[in-house]
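Chemist: I'd like to go over a predicted model; first the sequence, then the structure.
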Amino acid sequence: MASLWKTATKAAGVKITPQVLRVWFSMEMGEQSIPDRFVDIFQGRAPRSVLAKHYTSKGIETLRGIYDRANLAFANLP
């Protein structure tokens with residue numbers, strides 16, 4: 001796994017870590033107006049609010065649609 005991060009860092013020309021990717025993903029999803037509760041689901045965090053816990057659709061089709069709508073790609077990096 002360590003070689004994956006080294007390869008990505010070398011290809012990008014900047015140090016890439018899991019934390020860097022989490023921050024980038026969160027910021028990009030926010031720029032696309034994706035609600036925080038869905039970002040939490042995508043990043044594997046447990047829902048914190050009653051709304052997120054009980055009233056957020058977690059179906060794979062719904063999540064796929066939200067993710068696709070964000071249209072994220074590493075090519076979007078500066």
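Modeler: In hand now; what should we look at?
Chemist: residue boundaries of the helices in the protein?
Modeler: Along the chain, the segments classed as helices by DSSP state H run 2-12, 18-31, 36-42, 50-54, 60-70.
Chemist: Just say which of the ones you listed is most tucked in.
Modeler: By mean neighbour count, with neighbours taken as mean count of other Cβ atoms under 10 Å, helix 36-42 ranks first of the helices of the chain at a mean of 17. C-beta coordinates here come from the backbone N, C-alpha and C atoms, glycine included.
Chemist: pLDDT on it, on average?
Modeler: For helix 36-42, the per-residue pLDDT values average out at 92.
Chemist: Let me see the residues that make contact with that helix.
Modeler: The list of residues contacting helix 36-42 from outside it, by Cβ atoms under 8 Å, 6 or more residues apart in numbering, reads 25-26, 29-30, 46-49, 51-52, 56, 58, 63, 66-67.
Chemist: How many residues are close by residue 14?
Modeler: Number of residues near residue 14 (other Cβ atoms under 10 Å) recorded here: 11.
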